[in-house]
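[1] mind folding the following:
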Amino acid sequence: MIVAAVAVSLGVVAHIVLSPRDRLAPLAVVFAPGTTAANATALSADAGARILRSGPSANIVVVVADDEGFAGRAYERGALLVADASTVAGCEEPVTK
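    Model (predicted):
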């Protein structure tokens, strides 16, 4: 019982911390390990996102989606997480010189 309560609490905190704040900010869309980059990209585009770049591994893609329904559609297509890209290691804005 205590373990379940802790798990739910951690899930709620993670959702609050990782949820996108700016509608036009880049998002990291994380699919299951083993998902190819081509499949992650296709699933994200099918959910309505504009692809910006690949993430640090093949199952992660960085996108922009300008409507609030994107996250729900991404989850329907198998995404495990849709989060503000600045909160996911390796998905921050690339440094330009």
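[2] from here on, just use CA atoms for contacts and neighbour counts.
    Will do.
[3] quick one: low-confidence ranges for this protein?
    Along the chain, segments meeting pLDDT under 70 span 1-23, 93-97.
[4] now do the strands in this protein.
    For the chain, the strands defined by DSSP state E cover 27-30, 50-54, 60-64, 81-84.
[5] what packs against the last one?
    Strand 81-84 makes packing contacts with strand 27-30, helix 70-76 when contacts are defined by 3 or more C-alpha pairs under 8 Å, 6 or more residues apart in numbering; DSSP states H and E.
[6] what lines up beside the shortest one in the sheet?
    Sheet pairing for strand 27-30, assigned by DSSP bridges, gives strand 60-64 (antiparallel), strand 81-84 (antiparallel).
[7] do you know how far the residue nearest to residue 53 when sequence neighbours are not counted is from residue 32?
    Nearest non-adjacent residue to residue 53, counting by C-alpha to C-alpha, 6 or more residues apart in numbering: residue 62, 5.3 Å away. Going from residue 62 to residue 32 by C-alpha to C-alpha, to the nearest Å gives 15 Å.
[8] compare neighbour counts for those two and give me the winner.
    residue 62 (27 against 14; other C-alpha atoms under 10 Å).
[9] who are the contact partners of that one?
    Residues near residue 62 by C-alpha atoms under 8 Å, 6 or more residues apart in numbering: 26-29, 51-55, 85, 91.
[10] looking at the strands paired with strand 27-30, spot the one closest to residue 41.
    Residue 41 lies closest to strand 60-64 among those, at 6.4 Å (C-alpha to C-alpha).
[11] measure the residue lying closest to residue 90 once chain neighbours are set aside to residue 33 for me?
    Nearest residue to residue 90, sequence neighbours excluded (C-alpha to C-alpha, 6+ apart): residue 56, at 5.3 Å. Between residue 56 and residue 33 the distance is 12 Å, computed by C-alpha to C-alpha.
[12] swap in residue 46?
    Distance from residue 46 to residue 33, by C-alpha to C-alpha: 19 Å.
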